[in-house]
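Chemist: Fold the following.
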Amino acid sequence: MTKAPTQKELDDALDALQAAKKKITDGYKTNKSDLNTEAGKDSDFTKTPEYQNAQAKGDDASKKALEAYKKALEDANKVLGDKNATQKQVDDALKKLQDAKSKLSDGYKTNKSDLRQEAGKDSDFTKSPEYQNAAGSPEADDYKRALDEANAVLNNPNATQAEVDEALKKLQDA
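Modeler: Predicted coordinates for the structure are as follows:
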């Protein structure tokens, strides 16, 4: 027959169990700070030229990329609101959100090369006899305004593709 444990042995076993449980609950808490930070950047991200370019494009690929981002953000917010979320769930939601943002950021950059090239022709054009003959005319003033607008768009790091395309058209039409 086995001997019944003493009260001290029971108390020691309980203390050891509680200490082990405390180590786990204190040492393995779910850290949501990175996910919270990333999800909190949504209002800034939706104002970026890349996000706006994807919205303006409106094709199937851009719609899917925007939907993927919105879903990833929604999932991230669900995980943030879940007090029982595991670290793996938090990490997975963070990766999904970052991947969706990257797809938009990398895939919908504003392309300024055509506008830069057209505006770069200015020095040759303003030296041309045609421009010299037109100096002071409303047409020359229109060209100067279009060129100034093109340069402003080129210098704007937040210019959208629509703004670039519009400035290019005005410059080519002037």
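Chemist: Now R145: which helix or strand?
Modeler: Element membership for R145, per DSSP states H and E: helix 138-155.
Chemist: From the contact counts, what lies against that helix?
Modeler: If contacts are counted by 3 or more Cβ pairs under 8 Å, 6 or more residues apart in numbering; DSSP states H and E, helix 138-155 sits against helix 113-120, helix 129-134, helix 161-173. The way it works is simple: take the backbone N, C-alpha and C, and place the C-beta from them, glycine included.
Chemist: which one of these is the most hemmed in?
Modeler: Across the helices and strands packed on helix 138-155, averaging neighbours per residue (mean count of other Cβ atoms under 10 Å) puts helix 161-173 on top, at a mean of 18.
Chemist: Output the below-cut-off pLDDT ranges for the protein.
Modeler: 1 (pLDDT under 70).
Chemist: now the helices and strands packed on helix 138-155 in CSV, with distance to L154?
Modeler: Shown next, in CSV, are the helices and strands packed on helix 138-155 (distance: least, Cβ to Cβ, whole Å):
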stretch, distance to L154
helix 113-120, 6
helix 129-134, 20
helix 161-173, 8
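Chemist: that older thread, could I get the buried residue list for the helix holding R145?
Modeler: Going by neighbour count (16 or more other Cβ atoms under 10 Å), the buried part of helix 138-155 is 140, 143, 146-147, 149-151, 153-154.
Chemist: isn't A146 right up against K169?
Modeler: No. Using Cβ atoms under 8 Å, A146 makes no contact with K169, being 9.1 Å away.
Chemist: Of all the helices and strands packed on helix 138-155, which one is nearest N53?
Modeler: Checking the helices and strands packed on helix 138-155 against N53 by Cβ to Cβ gives helix 161-173 as the closest, at 4.5 Å.
Chemist: Give me the contacts around that closest one.
Modeler: With Cβ atoms under 8 Å, 6 or more residues apart in numbering as the test, helix 161-173 has contacts from 49, 52-53, 56-57, 108, 110-112, 114-115, 118-119, 143, 146-147, 149-150, 152-153, 156.
Chemist: Okay, and A19 sits in which element?
Modeler: helix 7-27.
Chemist: from the middle of its chain, how far away would that helix be?
Modeler: Remark: helix 7-27 is offset 46 Å from the chain centroid, using Cα atoms, centre = their mean, to the nearest Å.
Chemist: number of nearby residues for L17?
Modeler: 10 (other Cβ atoms under 10 Å).
Chemist: And it, how far from Y28?
Modeler: 16 Å (Cβ to Cβ, to the nearest Å).
Chemist: Spatially, and excluding backbone neighbours, which residue is closest to L97.
Modeler: A72 (4.4 Å; Cβ to Cβ, 6 or more residues apart in numbering).
Chemist: All set, thanks.
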